[in-house]
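Undergrad: Mind folding the following:
(one chain, ligands or ions: 3)
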Amino acid sequence: MMASRDESRFGSLPLSTSGPLECALKGTVLLNHPYFNKGSAFTYEERRDFELAGLLPPSIQTLDQQVQRAYEQYSAHPDDLSKNTFLTSMKEQNQVLYFRLLQDHLPEMYSVVYTPTEGDAIQNYSKIFRRPDGVFLNINDADRVHHDLSLWGTEDDIDYIVVTDGEEILGIGDQGCGGILISVAKLSLTTICAGVHPNRVLPVVLDCGTNNQDLLDDPLYLGLRQKRVTGQRYDDFVDTFVQAARKLYPKAYIHFEDFGFGNARRILDKYRPEIPCFNDDVQGTGCVTLAAIFSGLHVTKQKLEDLRMVIFGAGTAGVGIADQVRDAIAAQRGINKEEAAKQIWLIDKPGLLTTEVETLSTAQKPFARPEDEWKGKERDLLTVVKEVRPNVLIGTSTVPKAFAENIVREMASHVERPIILPLSNPTRLHEAVPEDLLKWTDGKALVATGSPFKPVKGPWGRDGEEIKIEVAECNNSVVFPGIGLGAVLCRARLVTDKMLVAAVEGVAELSPALKDDTAPLLPGVEVVRSVSARVARKVIRTAVEEGVATEQNIPENDNDLDEWVKEQMWKPVYRRLKLVEKEGATREAKGEMLVVGSLSTRE
Ligand SMILES: NC(=O)C1=CN([C@@H]2O[C@H](COP(=O)(O)OP(=O)(O)OC[C@H]3O[C@@H](n4cnc5c(N)ncnc54)[C@H](O)[C@@H]3O)[C@@H](O)[C@H]2O)C=CC1
Ligand SMILES: CC(=O)C(=O)O
Ligand SMILES: [Mg+2]
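TA: Numbering: from 1, shown residues only. Ligands and ions are numbered 1, 2, ... in the order given. Purely as a prediction, here's the structure:
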């Protein structure tokens, strides 16, 4: 399916987001198709032309009225997980209404469709399952991968694929085939936050088995009931998927999500030089955290050269952050990466990572401290904080309460405004909560968290008056949708380091803390679409400079480019349906294009 092209002042736009929509479906088939369905909002003419009149109550309603009703239904649900399930079924019924409801209530619903509630949905996947959503590929049927993927469209149809193997979902570990829901959730965010067209995306899970014994013992578990396959067979399976996806959907950008520590980086390093791909946990987290650090340093009136950063939890996300920050230090100070790495200390299960630690991974090695520096000293977090006197402390360990009061007070005794980012999701795994961090530092800590938290009140105003401190969400979701949108629109061949740096700048420029030092370190979800548009513009501009943009008609002027980006961002509005004959109709008009959540309408 290629959406019908719009004529605009830019000529023909690659992605259409407005104008009438051709449709060859009628009656109940139409009502059951989430892409076309408008429910009570079908107009009089549409009800007549599409044989809907007797299938709907007579009042014709507006999208606003539908949103109001849907919001009331949503609010009646007793807990977040049932709200999440309600939203999923809404998406399966009426896509525009689902995205519009989300858009209108984004700050409230963000945590319900994403972390932390999506984590609960994933953990309960086999219990709450109703309809499949996305592509299930399993390692025992590797020879079917090409065929099974080919059912989702032709070569122009897919812009964006999110793929997981379910091994390291959020902070909740191995979730086997339930991981499909992280692919689905990340794609919902690319649409709602960045306007990536919801019918041109593909959520995929690579089911390689699971080492989660609870799942293996659960009679209702839906995935492969076997231990994870590793080694060459695993690598071959991932490669079979990547090659098939490239061949079938050569325009698609591949976003890797929540792979295990041993695989995430390896897979990224293998494919990055060849195809447009991105690992959100490594690169997305690195980018958003660097943006938060930039605004924290702006508040403390320091520079990257002043940075002394301790990262607790040196896994996929922790080392991803270390890399991104190290590269930024090297670029800004004009020094090599080895020298820049000296401003970063990594701690993992063995304690501080030094050159003597035997389990160092390839990615951790560049940050290992010389063993001599630490002879005779403890390697735990408290000692490291005492010795290093960091101004930035990051948590990506999944160890709740790891940033204990004595550690935080120790840090705050050496620096005026400690920048503390507990990033482990979901909420219950945060290394500390904002309320404690602010209490222990008399409101001085500059905090951002991996999942959303309510603002904290305390007597931290200039004259001791009570103020409310809003805490930014430092989650890769601030940045990955915009990077993806940029890469898709410019049809990037590759995602280069400089494109990622441009994305960091795009987020950092819009940080509220730049204007007000009591404001959050990162832009919030209420402005996420403009953040994504800015990030996309910067990513596209850099892709052109780097010679990796293949789209021909990218405007040169920044204002034009902004408009070009925004015009192609999908919006949740009803488009007039135009009846066409089935014969000769496009795949879109015949309802044959991918609509996640509409598997039952596919043949
Ligand atoms: N806010 C955000 O945007 C993101 C947050 N995360 C969160 O970060 C956390 C880690 O995720 P990944 O890096 O993907 O997982 P991972 O498993 O690759 O990394 C976790 C690391 O923490 C270490 N660790 C565990 N217990 C420890 C202890 N007691 N002391 C020191 N280190 C310990 C582990 O050995 C491992 O290296 C998760 O909770 C995840 O949800 C991940 C990606 C993005
Ligand atoms: C945010 C995210 O990607 C994670 O927690 O894994
Ligand atoms: Mg993730």
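
Undergrad: CA only for contacts and neighbour counts going forward, please
TA: Noted.

Undergrad: Could you pull up the contacting residues of the nearest residue to Arg200 once chain neighbours are set aside?
TA: Once flanking residues are discounted, Arg200 sits nearest to Ile158: 4.5 Å by C-alpha to C-alpha, 6 or more residues apart in numbering. With contacts defined as C-alpha atoms under 8 Å, 6 or more residues apart in numbering, Ile158 is in contact with Asn199, Arg200, Val201, Leu202, Tyr249, Lys251, Ala252.

Undergrad: at 7 Å what do you get?
TA: Ile158 makes contact with Arg200, Val201, Tyr249, Lys251, Ala252, according to C-alpha atoms under 7 Å, 6 or more residues apart in numbering.

Undergrad: repeat for Tyr71
TA: Not one residue lies near Tyr71 by C-alpha under 7 Å, 6+ apart.

Undergrad: What are the buried residues along the helix or strand that it is a member of?
TA: Using DSSP states H and E, the element containing Tyr71 is helix 63-75. Across helix 63-75, burial judged by 16 or more other C-alpha atoms under 10 Å covers Leu63, Gln66, Val67, Ala70, Tyr74.

Undergrad: The top strand by length along the chain pairs with which strands, and in what direction?
TA: Longest strand of the chain, by residue count under DSSP state E: strand 201-207. With DSSP bridges as the test, strand 201-207 is paired with strand 135-138 (parallel), strand 160-164 (parallel).

Undergrad: picking that back up, need the buried residues of helix 63-75 in JSON lines (columns: pLDDT and distance to Asp348).
TA: Rendered in JSON lines, the data for the buried residues of helix 63-75 read as follows (pLDDT from 0 to 100; distance: C-alpha to C-alpha, whole Å):
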{"residue": "Leu63", "pLDDT": "98", "distance to Asp348": "51"}
{"residue": "Gln66", "pLDDT": "98", "distance to Asp348": "50"}
{"residue": "Val67", "pLDDT": "98", "distance to Asp348": "47"}
{"residue": "Ala70", "pLDDT": "98", "distance to Asp348": "46"}
{"residue": "Tyr74", "pLDDT": "98", "distance to Asp348": "41"}
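
Undergrad: residues from the chain in reach of ligand 3?
TA: Residues of the chain lying close to ligand 3 (C-alpha under 5 Å from the ion) are Asp258, Asp281.

Undergrad: coming back round to it: just checking, next helix/strand downstream of the longest strand of the chain?
TA: Following strand 201-207 in sequence, per DSSP H and E, is helix 213-217.

Undergrad: Specify the angle between the helix or strand just after that next one and strand 201-207 in degrees.
TA: Next along the chain after helix 213-217, taking DSSP H and E as the criterion, comes helix 231-248. For helix 231-248 against strand 201-207, the angle by axes from the mean of the first three to the mean of the last three C-alpha atoms, to 10 degrees is 160 degrees.

Undergrad: Around ligand 1, which positions in the chain sit nearby?
TA: Neighbours of ligand 1 within the chain, by C-alpha under 6 Å from any ligand atom: 168, 170-171, 261, 281, 285, 312-318, 347-349, 396-399, 423-426, 450, 474-476.

Undergrad: next one: the helix or strand in which Val112 is found to chain centre, how far?
TA: Using DSSP H and E, Val112 maps to helix 106-113. Its chain's average C-alpha position is 14 Å from that of helix 106-113, according to C-alpha atoms, centre = their mean, to the nearest Å.

Undergrad: what does the average pLDDT come to for the very next helix or strand once past that helix?
TA: Scanning forward in sequence from helix 106-113 by DSSP H and E, the next helix or strand is helix 117-123. Mean pLDDT, computed over helix 117-123, is 97.

Undergrad: sorry, back to before: now the residue nearest to Arg200: phi and psi?
TA: Per-residue torsions, Ile158: phi -120, psi 130 (degrees, to the nearest 10).

Undergrad: Return the distance of it relative to Pro481.
TA: Separation of Ile158 from Pro481 (C-alpha to C-alpha, to the nearest Å): 16 Å.

Undergrad: ok, now Asp258?
TA: Applying C-alpha to C-alpha to Asp258 and Pro481 gives a distance of 16 Å.

Undergrad: Who has more neighbours out of the two?
TA: Taking neighbours as other C-alpha atoms under 10 Å, Asp258 and Pro481 compare with Pro481 leading, 31 against 27.

Undergrad: So that one, which state does it fall into?
TA: What DSSP: H, G, I helix; E, B strand; the rest coil gives for Pro481 is helix.

Undergrad: Excluding chain neighbours, give the residue nearest to it in space.
TA: Distances taken as C-alpha to C-alpha, 6+ apart put Thr190 closest to Pro481, at 4.6 Å, once the chain neighbours are dropped.

Undergrad: Centre of the chain to the helix or strand where that neighbour lies, how far?
TA: Assigned by DSSP H and E, Thr190 belongs to helix 180-194. Between the centre of helix 180-194 and the centre of its chain there are 7 Å (C-alpha atoms, centre = their mean).

Undergrad: Next up, phi/psi of the residue nearest the centre of the chain, please.
TA: For the chain, Ser477 is the residue whose C-alpha lies nearest the centre (C-alpha atoms, centre = their mean; 3.9 Å). With angles defined as degrees, to the nearest 10, Ser477 sits at phi -70, psi -10.

Undergrad: Just the pLDDT for it.
TA: pLDDT at Ser477 comes out at 97.

Undergrad: Relative to ligand 3, how far out is the residue nearest to Pro481?
TA: Counting by C-alpha to the ion, to the nearest Å, the gap from Thr190 to ligand 3 is 14 Å.

Undergrad: Which residues are in contact with the closest residue to ligand 3 within the stretch 101-250 of the chain?
TA: Nearest residue of the stretch 101-250 of the chain to ligand 3, counting by C-alpha to the ion: Leu170, 5.0 Å away. Residues in contact with Leu170 (C-alpha under 7 Å, 6+ apart) are Asp258, Asn425, Pro426.

Undergrad: ok, now Arg369?
TA: The contact partners of Arg369, by C-alpha under 7 Å, 6+ apart, come to Leu353, Thr354, Thr355.

Undergrad: Just the pLDDT for the spatially closest residue to the first one that is not a sequence neighbour.
TA: What sits nearest to Leu353 in space, not counting adjacent residues and going by C-alpha to C-alpha, 6+ apart, is Ala368, at 5.1 Å. With respect to pLDDT, Ala368 has a value of 98.

Undergrad: ditto for Gly591
TA: The pLDDT attached to Gly591 in the predicted structure is 86.

Undergrad: likewise Asp517?
TA: If you check Asp517, the pLDDT there is 86.

Undergrad: what's near enough to touch it?
TA: Asp517 is in contact with Val299, counting by C-alpha under 7 Å, 6+ apart.

Undergrad: That one in helix, strand or coil?
TA: Following three-state DSSP, the label given to Asp517 is coil.

Undergrad: I'd like to know how far it sits from ligand 3.
TA: In this view, Asp517 and ligand 3 are 29 Å apart by C-alpha to the ion.

Undergrad: gap between that residue and Leu423?
TA: 21 Å.

Undergrad: same check, this time on Gly296
TA: Using C-alpha to C-alpha, one gets 15 Å for the distance from Gly296 to Leu423.

Undergrad: cool, and Lys444?
TA: Using C-alpha to C-alpha, Lys444 is found at 19 Å from Leu423.

Undergrad: Equivalent analysis for Leu52, please.
TA: To Leu423, Leu52 is 49 Å away according to C-alpha to C-alpha.

Undergrad: neighbour count winner among those two?
TA: Counted by other C-alpha under 10 Å, Leu52 and Leu423 do not tie: Leu423 has more neighbours, with 28 against 21.

Undergrad: Pretty sure that one sits against His430.
TA: Yes: counting by C-alpha atoms under 7 Å, Leu423 does reach His430; the two are 6.3 Å apart.

Undergrad: Residue ranges in the chain under the pLDDT threshold?
TA: Across the chain, the ranges flagged by pLDDT under 70 are 1-8, 10-17, 594-603.

Undergrad: domain assignment for it?
TA: For the chain, automatic domain parsing gives the domain ranges 117-278, 279-572.
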